[in-house]
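A.B. asks: Take this sequence and fold it.
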Amino acid sequence: QVQLVESGGGLVQTGESLRLSCAASGRAIDIYAMAWFRQAPGKEREFVVGIHWGTGDTYYADSVKGRFTASRNYAKNTMYLQMSSLKPEDTAVYYCAADPRRDIYSDAYNYWGQGTQITVSS
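C.D. replies: Numbering: from 1, shown residues only. I've put the predicted structure just below:
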């Protein structure tokens, strides 16, 4: 089992920055990839960014390329999401996920965090 705990959400204004963290515990050594997803009210959950745990390679959704940066601290089993130039359309609950059953982009992950709200005001 792997437990994921997110932190760092909040309310910001358009153009501001925010950083999320996702700390993995338990059998985190078995993880080969993690990802951030988000879900806005009335919308389906969508992929934001995935990161290969071993190599650190990252894969971004087009909507966040150039604005969001994912990284991980291998020793701390922690994944980060640095978000800049935030827009109102980035408002959503952000979830971290670990251990995909298929590819990094689909939401078929075995483990999920509890979610953290990000609200970007205009």
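
A.B. asks: what residue lies at the spatial centre of this structure?
C.D. replies: By CA atoms, centre = their mean, the chain has its centre lying nearest to Trp36, at 2.3 Å.

A.B. asks: Using the three-state scheme, assign the residue nearest to that residue when sequence neighbours are not counted.
C.D. replies: Distances taken as CB to CB, 6 or more residues apart in numbering put Val48 closest to Trp36, at 4.3 Å, once the chain neighbours are dropped. Quick note: C-beta positions are derived from backbone N, CA and C, even for glycine. Look at Val48: counting by DSSP: H, G, I helix; E, B strand; the rest coil, its state is strand.

A.B. asks: so how far is Asp62 from Val48?
C.D. replies: Separation of Val48 from Asp62 (CB to CB, to the nearest Å): 11 Å.

A.B. asks: Tell me which of these two has more neighbours.
C.D. replies: Val48 (24 against 6; other CB atoms under 10 Å).
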